[in-house]
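Just need the structure, nothing else, for what follows:
(2 chains)
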Amino acid sequence: MPKLHQKLERNSIGFTLLILCVASIGGLIEIAPLFTIENTIEKVEGMRPYTPLEQAGRDIYVREGCYACHSQMIRTLRSDIERYGHFSLAAESMYDHPFQWGSKRTGPDLARIGGKYSDTWHVAHLKAPRKVVPGSIMPGYGFLAQQDLKIEHLSDRLKALSRTGVPYSQKQIQDAKTDAQNQADSEAENEDELIEKYGEKLNIRDFDGNPDRLTEMDALVAYLQMLGTLVDPKKTLKRKDC
Amino acid sequence: MAVEQDPHTKQNTTGHEWDGIKELDTPVPKILTWSYILTLFFGILYWVLYPAFPGVSNFTRGLFDYSSRSAVMNDVAVASKTKETNEAELLSKDLTDLAQDASIKHKYMNSAAILYKDNCSVCHGPDLKGQTNFPNLADHHWLWSGDLSEIETTIKYGINSGHDEERTAEMLGFGTSEALTFNEINQVTQYVLSLSGKTTNDALAKKGQSIFNEQCASCHGEKGEGGLEVGAPSLTDKSWIYGGSQQAIKDTITKGRKGVMPAWEHRLSPFDIRKLTLFLKWKQDDARAQ
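Here you go, the predicted structure:
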């Protein structure tokens, strides 16, 4: 062996080629699976892109750094499943940019928080967490209820997302602004149009208890209330290991 | 420039020399070499036995056919099976019988308290006394009769929850729909205040009474005692969900209310829902006993 190595070392071109060969094995192992990734991610029923209002809420969620304390990933552990519900599926975050997985929690996991509490509670809790949950260390976000939601840029936001692969249609992108307004307005008489665009699993109502204004609170609560409600994992998973 | 033996360590040198400095050719300790080889073989073995590498249409599943998903689902199934056997009595017996059984209370009180804390206390409060917008569960005033099976139904399906079997209840906004004028709302407010014995403006209250009979009595009852079937609360009992001040009552009449209690059927097992139902009853009994 030492003799062989000495010989190789002294042949610089041959040695370079050999290094290249060994290094490319590592590269191949990391890159090759990406070519077939479409086939290895399971498909699930019910996933849809976020509505403009939910996406706006999601952006507020990211802006305020909620992810620093809350994960959105129920792990395959019994304790997680009994507390938060069915474990998360990869496809449930397929339209997330950026995703909200995490292995560190200060607050509870939010992957399936949708529908667990009422809108009223979410608003009360976001305004003054310790008033409803004594001992909570979550900061208050009452200012969200005072700030009007900026909806002018929503079309651009959806367009940007569609470039990363989120399948928004031209119409969805065009109507983003009005769709956001209409989703937070139970009086708006185009529920059918929204459902046609985004499917049956859609909350259309005033979320923040203040029907006169479209606030950031509306968007955030709309986002929280849809989390984990789109896919019914038990019904959609057909693989033998589920 | 020749390999030679170092007299102190008895180790060979590498045969190189730089400015008179020679280097010992001490081999890597055997243990490191062997653990390197061992981890290599462990890696290959693991690859063969466990899921490891993505393929064209699927990933390699390994000889053990292990999956963390089926493992955890198995764990969950075993645990719920044990629960079903240990707690079978909860579902096989009648709720009223269970509520009176001291041994049942002794057995389940603690786990029910944890369930309550995890799921219910954020709205209804750690002491069950509720808070603004969320009803008090400790005060013997119930929206749907307080019968144990009715309480269980409410927990299961919720109120205005969107569940197919939900209970629905809505207080209409008499101001926003312009069914009542500002003055009329003031009058009804005075009358409603008087129902629970609060000092009011008698003249206004008297005028409010006839409006009440016309507009409100169909749900809240002629004496404001509340309607069990429609979930309309009693107005005579000094217990208020949305606040009992003059302003709060006026707000309620003007804008209406439509409180939401989520449905728990998909989150909690029938055993746990039953335990929570019993928990409420036991807590009330305890409070009464004191």
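
if I look at B:G125, how far off is chain A?
Per C-beta to the nearest C-beta, to the nearest Å, B:G125 is found 8 Å from chain A. Glycine gets a C-beta too; all of them are placed from N, C-alpha and C.

Equivalent analysis for B:K129, please.
Per C-beta to the nearest C-beta, B:K129 is found 12 Å from chain A.

B:N186 now?
In terms of C-beta to the nearest C-beta, B:N186 sits 22 Å off from chain A.

Secondary structure element holding the residue lying closest to B:N201 once chain neighbours are set aside?
Once flanking residues are discounted, B:N201 sits nearest to B:Q190: 5.1 Å by C-beta to C-beta, 6 or more residues apart in numbering or on different chains. B:Q190 is part of helix B:182-195, with elements assigned from DSSP states H and E.

Could you list every helix and strand in contact with the helix or strand just after that helix?
Sequence order places helix B:202-215 as the next helix or strand after helix B:182-195, per DSSP H and E. Helix B:202-215 sits against helix B:182-195, with contacts defined as 3 or more C-beta pairs under 8 Å, 6 or more residues apart in numbering or on different chains; DSSP states H and E.

tilt between the helix it packs on and helix B:202-215?
If you take axes from the mean of the first three to the mean of the last three C-alpha atoms, to 10 degrees, helix B:182-195 sits at 100 degrees to helix B:202-215.

Can you mark which positions in helix B:182-195 are buried?
In terms of neighbour count (16 or more other C-beta atoms under 10 Å in any protein chain shown), helix B:182-195 has its buried residues at B:E184, B:I185, B:N186, B:Q187, B:V188, B:T189, B:Q190, B:Y191, B:V192, B:L193, B:S194, B:L195.

mean confidence for the helix or strand encompassing A:D156?
In this assignment (DSSP H and E), A:D156 forms part of helix A:154-163. Per-residue pLDDT values across helix A:154-163 average out to 96.

what element comes up after that helix heading to the C-terminus?
Next along from helix A:154-163, by DSSP H and E: helix A:170-174.

Determine the next helix or strand in the C-terminal direction from that following helix.
Note on helix A:170-174: by DSSP H and E, the next helix or strand toward the C-terminus is helix A:176-183.

quick one: buried residues of that following helix?
Residues A:A176, A:T178, A:D179, A:A180, A:Q181, A:N182, A:Q183 are the ones in helix A:176-183 that count as buried (16+ other C-beta under 10 Å).

again, but for stretch B:207-216
Neighbour-count burial for stretch B:207-216 flags B:K207, B:G208, B:Q209, B:I211, B:F212, B:Q215, B:C216 (criterion: 16+ other C-beta under 10 Å).

Just put those residues in TSV and tack on distance to B:P54 and pLDDT.
As requested, those are arranged in TSV below (distance: C-beta to C-beta, whole Å; pLDDT from 0 to 100):
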residue	distance to B:P54	pLDDT
B:K207	77	88
B:G208	73	89
B:Q209	75	90
B:I211	71	91
B:F212	70	92
B:Q215	67	89
B:C216	66	90
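
distance between the ends of stretch B:2-11?
Counting by C-alpha to C-alpha, to the nearest Å, you get 14 Å between the two ends of stretch B:2-11.

Other residues contacting it?
Where contact means C-beta atoms under 8 Å, 6 or more residues apart in numbering or on different chains, the residues beyond stretch B:2-11 that reach it are B:N12, B:T13, B:T14, B:G15, B:K22, B:L24, B:D25, B:T26.

Stretch B:253-266 now?
Stretch B:253-266 is contacted by residues A:115-120, B:119, B:133-135, B:154-163, B:165-167, B:169-177, B:180, B:185, B:188-189, B:192, B:241-242, B:273 when judged by C-beta under 8 Å, 6+ apart.

Buried among those residues? Make that a PyMOL selection.
To isolate the buried subset of the contacts of stretch B:253-266 in PyMOL, counting by 16+ other C-beta under 10 Å, use the following:
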select buried, (chain A and resi 115+116+117+118+119+120) or (chain B and resi 119+133+134+135+154+155+156+157+158+159+160+161+163+166+167+169+171+172+173+174+175+180+185+188+189+192+241+242+273)
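
Could you check how far stretch B:158-177 is from the centre of its chain?
How far stretch B:158-177 lies from its chain's middle: 21 Å, per C-alpha atoms, centre = their mean, to the nearest Å.

right, is it up against chain A?
Yes: using C-beta under 8 Å from any C-beta of the partner chain, stretch B:158-177 reaches chain A at B:S161, B:G162.

Now that stretch - C-alpha only, PDB.
Extracted in PDB, the C-alpha atoms of stretch B:158-177 (Å, rounded to 0.1, in the frame of the first residue of the first chain):
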ATOM      1  CA  GLY B 158     -69.400  22.200  19.900                       C
ATOM      2  CA  ILE B 159     -71.500  25.300  19.500                       C
ATOM      3  CA  ASN B 160     -71.400  27.200  16.100                       C
ATOM      4  CA  SER B 161     -68.300  25.100  15.600                       C
ATOM      5  CA  GLY B 162     -68.700  24.100  11.900                       C
ATOM      6  CA  HIS B 163     -69.200  20.400  12.900                       C
ATOM      7  CA  ASP B 164     -72.000  18.700  11.100                       C
ATOM      8  CA  GLU B 165     -73.800  18.000  14.300                       C
ATOM      9  CA  GLU B 166     -73.000  21.400  15.900                       C
ATOM     10  CA  ARG B 167     -75.300  23.200  18.200                       C
ATOM     11  CA  THR B 168     -76.300  26.500  16.700                       C
ATOM     12  CA  ALA B 169     -77.100  29.600  18.700                       C
ATOM     13  CA  GLU B 170     -77.100  33.200  17.700                       C
ATOM     14  CA  MET B 171     -78.200  36.400  19.300                       C
ATOM     15  CA  LEU B 172     -79.200  38.700  16.600                       C
ATOM     16  CA  GLY B 173     -77.900  42.200  16.400                       C
ATOM     17  CA  PHE B 174     -81.000  44.400  16.800                       C
ATOM     18  CA  GLY B 175     -79.000  47.500  16.300                       C
ATOM     19  CA  THR B 176     -77.000  46.500  13.200                       C
ATOM     20  CA  SER B 177     -80.200  45.000  11.600                       C
END
